[in-house]
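how does the following fold in three dimensions:
(2 chains)
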There are 2 protein chains.
Amino acid sequence: MDENDHTIFVGSKPFMNYVTGVVMQFTMQNADTVVVKARGKFISKAVDIAEVASKRFLEGQVFVGEIKTDSEEFKNKEGRQVRVSTIELGLKKQ
Amino acid sequence: MDENDHTIFVGSKPFMNYVTGVVMQFTMQNADTVVVKARGKFISKAVDIAEVASKRFLEGQVFVGEIKTDSEEFKNKEGRQVRVSTIELGLKKQ
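Residues are numbered from 1 along each chain as shown, chains lettered A, B, ... in the order given. Next comes the predicted model:
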């Protein structure tokens, strides 16, 4: 299975939906790596999801490995160039 | 100078205060590494600060290197045990 299949994009759904999603990818789909991605204001939530999944639900089984941040540029509705930060948190089986 | 001297704790002050703080540590105080730290809801802001400082103000001079997340446990005012996520973003001279 392609690593891209094990990616969770964090948005406005309830917090535990994403945590459950991460846990299920490891336990049901036997993923070795799950990447939690977010942009802008959802970055804090993505870090919470990675921490809770790895430290509470999958303690001793999964850890937060490589973390990358970046910036994306795009035009908003008013045609202005806008910058937004992104994060990728790589959770890995121990 | 101790590396700990080059740490910026992100809170509720205006965004640009922190960006200026990072830029000044590199330019005026000649730091090799500046660590941007935050907890909870300020994590998104800390990522924005690291991205804007490294990609807009210090482009080609500074990059976001090692990023670490963790969890802290503490008792809130009501005596309940609470978990909060933390982040540390290490900005380094190129």
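
contacting residues for the residue most central in space within chain A?
For chain A, the residue nearest the mean C-alpha position is A:Val36 (1.3 Å; Cα atoms, centre = their mean). A:Val36 makes contacts with A:Thr7, A:Ile8, A:Val10, A:Tyr18, A:Val22, A:Ala46, A:Ile49, A:Ala50, A:Glu88, A:Leu89, A:Leu91, as judged by Cβ atoms under 8 Å, 6 or more residues apart in numbering or on different chains. Any C-beta I mention is one placed from the backbone N, CA and C, and that applies to glycine too.

considering those residues, which possesses the most neighbours?
By neighbour count, taken as other Cβ atoms under 10 Å in any protein chain shown, the most surrounded of the contacts of A:Val36 turns out to be A:Ala50 (30 neighbours).

can you point out the buried residues in the strand or helix carrying A:Tyr18?
If you go by DSSP states H and E, A:Tyr18 is part of helix A:15-27. Of the residues in helix A:15-27, those buried by neighbour count under the rule 16 or more other Cβ atoms under 10 Å in any protein chain shown are A:Tyr18, A:Val19, A:Gly21, A:Val22, A:Val23, A:Gln25, A:Phe26.

now do stretch A:80-94
Burial within stretch A:80-94, assessed by neighbour count using 16+ other Cβ under 10 Å, is assigned to A:Val84, A:Ser85, A:Thr86, A:Ile87, A:Glu88, A:Leu89, A:Gly90, A:Leu91, A:Lys92.
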